[in-house]
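Asks: 3D, please:
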Amino acid sequence: MPLIVQKFGGSSVSDAEKIKHVAQRVLQTQAEGNQVCVVVSAMGDTTDELIDLADSVTTDVTGSREMDILLTAGERISMSLLALAIKELGGKAMSFTGFQAGISTDSEHGSARIWKIDPKRIQEAMAQGNIAVVAGFQGFSFENGDTTTLGRGGSDTTAVALAAAMNADICEIYSDVDGVYTADPRVVPRARKLAQIDLDSMLELSSSGAKILYIRAVEFARRHAVPLRVRSTFSADPGTLVYTSKPGEEMEEPIVSGVATDDTQSKITVIGVPDRPGKAAEIFQIVAEAGANIDMIVQNVSTTENHLSDISFTLPHSDRPKVVDALKGRQSDVGFASVTYDDEIGKLSIVGAGMKTSSGVSAKLFGALAKAGINIEMISTSEIRISVITRADQLKEATRVVHTAFELDAADTAVVYAGTGR
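Replies: Now for the predicted structure:
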């Protein structure tokens with residue numbers, strides 16, 4: 001029998017009626033002649049509510065053993081309720097925690113990485129006619145057996161990893177929109193749904209801020225050649241196929257597949273850096289020791305008699321305070337003049353595999369932004385992506401302008417069924 005792994009996000013299981021609806025959908029999938037493994041997120045905003053609750057009793061709300069135990073409760077509630085709903089409808093189901101599902105990780109609480117999966121119990125349950133319902137976002141440390149969590153978007157990663165471990169025919173990711181769109185339909189109402197997109201372009205979109213699929217899940221799918229389909233829980237639309245090309249199956253790719261935005265970054269500028277070999281390395285060693293992930297980097301060319309330059313880089317808002325403090329603490333060692341930061345920036349990215357063989361893409365992007373009076377502060381490129389930094393309050397307008405410039409607008413308004421995108 002074909003094996004399908006289905007993942008339902010928080011908006012899909014946010015209340016009892018939606019859980020009943022999901023139960024009907026997975027039973028229908030099984031009735032069509034498939035074995036079904038379902039991965040669920042916590043209901044609605046449960047994870048955020050648990051974090052707020054922890055925040056009311058402690059200042060240590062990230063990356064601890066006890067927080068991982070607390071946060072995994074949300075997915076355990078969802079998995080149990082869905083299994084009960086399936087049984088109520090006459091089906092057979094068994095629910096599994098990350099530990100019971102055999103998801104072994106390292107011991108990095110809050111952001112554990114999957115080490116190995118032994119899906120034996122899940123496979124046995126499905127062989128007996130059960131729908132296997134697995135709690136997403138969680139596993140257990142192979143080093144000490146402690147409960148671990150996989151970080152934001154961990155349920156997507158759980159689903160793709162299980163699909164890879166069981167050699168599933170496809171992994172379906174369900175949310176409250178009909179698939180992958182050319183832009184966030186909440187920002188660009190006439191964003192167009194893509195029938196298909198290659199994994200490399202999806203990876204770039206996810207890394208650039210598109211929230212429909214989390215980057216770790218897409219990385220896992222590319223590494224293990226897992227075909228993905230992004231669909232809506234609330235419609236029968238076939239969604240978007242996220243595929244990896246095999247020899248002999250290459251297709252003509254669109255020049256631009258989509259526009260992604262990210263308003264969760266800050267820009268740090270290190271001013272007056274001595275223009276000598278090794279100084280940039282010293283700065284980014286400090287950043288690395290602070291545990292921050294850098295996105296874009298720009299270094300100005302030294303033009304003064306003093307041979308000083310400025311280095312700017314972007315990183316998540318949450319990392320900015322510790323990085324600024326770390327740089328100021330080592331200012332005299334490195335010899336730069338000062339550090340400034342800017343939290344009011346936004347990143348816009350265009351992505352498309354066809355950009356590799358097309359000219360004029362940059363000119364069209366920059367021309368559209370210039371015509372709209374939107375200034376570009378930083379630029380970064382890859383083979384299939386161009387990213388720019390603008391003012392945060394201009395980001396939505398920039399997205400709509402660029403989307404139209406590349407003729408991505410659809411004739412009709414996109415439908416968003418629940419409102420969160422997950």
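
Asks: could you look up the SS state of the closest residue to residue 337 other than its chain neighbours?
Replies: Leaving aside its sequence neighbours, residue 337 sits nearest to residue 272 (C-beta to C-beta, 6 or more residues apart in numbering; 2.8 Å). Every C-beta, even on glycine, is put in place using the N, C-alpha and C of the backbone. Recorded secondary structure, residue 272: strand (DSSP: H, G, I helix; E, B strand; the rest coil).

Asks: and whichever helix in the chain runs longest, what's buried?
Replies: With secondary structure taken from DSSP state H, the chain has its longest helix at helix 65-88. Within helix 65-88, the residues scored as buried using 16 or more other C-beta atoms under 10 Å are 67-68, 70-72, 74-83, 85-86.

Asks: mind showing which ranges of the stretch 201-350 of the chain have poor pLDDT?
Replies: 245-253, 302-304 (pLDDT under 70).

Asks: which other helices and strands contact the longest helix of the chain?
Replies: On a contact count with 3 or more C-beta pairs under 8 Å, 6 or more residues apart in numbering; DSSP states H and E, helix 65-88 meets helix 16-31, strand 35-40, helix 46-55, strand 93-96, strand 131-135, strand 138-141, strand 147-149.

Asks: of the ones you listed, which is nearest residue 372?
Replies: Residue 372 sits nearest to helix 46-55 of all the helices and strands packed on helix 65-88, at 34.5 Å, using C-beta to C-beta.

Asks: run through who's touching that closest one.
Replies: Helix 46-55 has contacts (C-beta atoms under 8 Å, 6 or more residues apart in numbering) with 10, 61, 67, 70, 71, 73, 74, 77.

Asks: so the residue nearest to residue 337 sits against residue 307, correct?
Replies: No: using C-beta atoms under 8 Å, residue 272 is not in contact with residue 307; the gap is 10.4 Å.

Asks: ok, these two, which is more surrounded?
Replies: Ranked by neighbour count (other C-beta atoms under 10 Å), residue 272 and residue 307 place residue 272 first, with 15 against 11.

Asks: measure residue 58 to residue 146 for me?
Replies: Between residue 58 and residue 146 the computed distance is 18 Å (C-beta to C-beta, to the nearest Å).

Asks: quick revisit: what separates the residue nearest to residue 337 from residue 162, distance-wise?
Replies: Per C-beta to C-beta, residue 272 is found 51 Å from residue 162.

Asks: kindly report the same for residue 59.
Replies: 35 Å.

Asks: look at the two and report which has more neighbours.
Replies: Taking other C-beta under 10 Å, residue 59 and residue 162 do not tie; residue 162 has more neighbours (28 against 6).

Asks: residue 119 reaches residue 164, doesn't it?
Replies: No: contact criterion C-beta under 8 Å: residue 119 and residue 164 do not qualify, at 10.1 Å.

Asks: where do the contact lists of those two overlap?
Replies: Joint contacts of residue 119 and residue 164 (C-beta under 8 Å, 6+ apart) do not exist.

Asks: look up how far residue 398 lies from residue 376.
Replies: Distance, residue 376 to residue 398, by C-beta to C-beta: 9 Å.

Asks: now the common contact residues for these two.
Replies: 369, 390.

Asks: of the two, which one has the most company?
Replies: residue 398 (24 against 14).

Asks: mind listing what's buried along the particular helix or strand that has the more buried one in it?
Replies: For residue 398, the element it lies in under DSSP states H and E is helix 395-405. By neighbour count on 16+ other C-beta under 10 Å, the buried set for helix 395-405 is 395, 396, 397, 398, 399, 400, 401, 402, 403, 405.

Asks: what of stretch 173-182?
Replies: By 16+ other C-beta under 10 Å, the buried positions in stretch 173-182 come out as 173, 174, 175, 176, 177, 178, 179, 180, 181, 182.

Asks: so for that stretch, what's the average pLDDT?
Replies: The average pLDDT for stretch 173-182 rounds to 92.

Asks: need the CA coordinates for that stretch. PDB is fine.
Replies: Taking Å, rounded to 0.1, in the frame of the first residue of the first chain, the C-alpha atoms of stretch 173-182 are listed here in PDB:
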ATOM      1  CA  ILE A 173       2.000  19.600   4.600                       C
ATOM      2  CA  TYR A 174      -1.400  21.100   5.400                       C
ATOM      3  CA  SER A 175      -2.100  24.700   6.500                       C
ATOM      4  CA  ASP A 176      -4.700  27.300   6.000                       C
ATOM      5  CA  VAL A 177      -3.800  28.300   2.400                       C
ATOM      6  CA  ASP A 178      -4.100  26.200  -0.800                       C
ATOM      7  CA  GLY A 179      -0.400  25.900  -1.400                       C
ATOM      8  CA  VAL A 180       2.800  27.800  -2.100                       C
ATOM      9  CA  TYR A 181       2.000  31.300  -3.500                       C
ATOM     10  CA  THR A 182       4.100  33.800  -5.400                       C
END
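
Asks: check the offset of that stretch from the chain's centre.
Replies: Here stretch 173-182 shows a centroid-to-chain-centroid distance of 13 Å under the convention C-alpha atoms, centre = their mean, to the nearest Å.

Asks: also stretch 377-384?
Replies: On the basis of C-alpha atoms, centre = their mean, stretch 377-384 sits 19 Å off its chain's mean C-alpha point.

Asks: cool, stretch 348-365 as well?
Replies: Centroid displacement of stretch 348-365 relative to its chain, using C-alpha atoms, centre = their mean, is 22 Å.
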